[in-house]
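Undergrad: Dropping a prediction and its sequence here:
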Amino acid sequence: MPVDTRVRVIKDEAWDGPWREVFTGTIDDTITPQLVTHPMAHVGEFEYSVRFDEPQMDSSEDGPYRKAVIWARYIQPTSA
């Protein structure tokens with residue numbers, strides 16, 4: 001996804017995380033999108049830096065965060 005893409009950050013269907021709620025944000029250029037190097041990543045899964053529209057708490061009640069690096073499976077491009 002290119003920089004400035006509007007996205008919706010979603011929760012995982014298998015557990016109550018990694019974010020407490022669904023919210024919107026924008027892909028930014030803090031990092032270049034890169035492959036996730038974690039054993040639980042999907043093959044070829046990228047991670048992106050997302051700037052949030054509103055500060056967010058994660059599912060562990062940490063935060064509030066204004067941006068984070070988020071795996072592609074939790075990001076859906078939006079039209080607005």
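TA: Thanks, I have the structure now.
Undergrad: Specify the beta-bridge partners of the residue nearest the centre of the chain.
TA: Nearest to the mean C-alpha position of the chain, by Cα atoms, centre = their mean, lies I70 at 3.2 Å. In this structure, I70 bridges to Y48 when assessed by DSSP bridges.
Undergrad: what's near enough to touch it?
TA: V9, E47, Y48, S49, V50 (Cβ atoms under 8 Å, 6 or more residues apart in numbering). Every C-beta, even on glycine, is put in place using the N, C-alpha and C of the backbone.
Undergrad: just those residues now: which is nearest E21?
TA: V9 (9.0 Å; Cβ to Cβ).
Undergrad: I'd like to know how many residues surround the closest one.
TA: 20 (other Cβ atoms under 10 Å).
Undergrad: What of A72?
TA: So A72, with other Cβ under 10 Å, has 18 neighbours.
Undergrad: Repeat that for T24.
TA: For T24, using other Cβ under 10 Å, the count is 15.
Undergrad: List the beta-bridge partners for it.
TA: R8.
Undergrad: ok so, going back, please produce JSON lines containing the contacts of I70, extended by distance to R20.
TA: As requested, the contacts of I70 are exported to JSON lines (distance: Cβ to Cβ, whole Å):
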{"residue": "V9", "distance to R20": "11"}
{"residue": "E47", "distance to R20": "20"}
{"residue": "Y48", "distance to R20": "19"}
{"residue": "S49", "distance to R20": "20"}
{"residue": "V50", "distance to R20": "15"}
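Undergrad: any idea which of these is closest to T30?
TA: S49 (3.9 Å).
Undergrad: quick one: contacts for the closest residue to that closest one other than its chain neighbours?
TA: Leaving aside its sequence neighbours, S49 sits nearest to T30 (Cβ to Cβ, 6 or more residues apart in numbering; 3.9 Å). T30 is in contact with S49, R51, K67, V69, counting by Cβ under 8 Å, 6+ apart.
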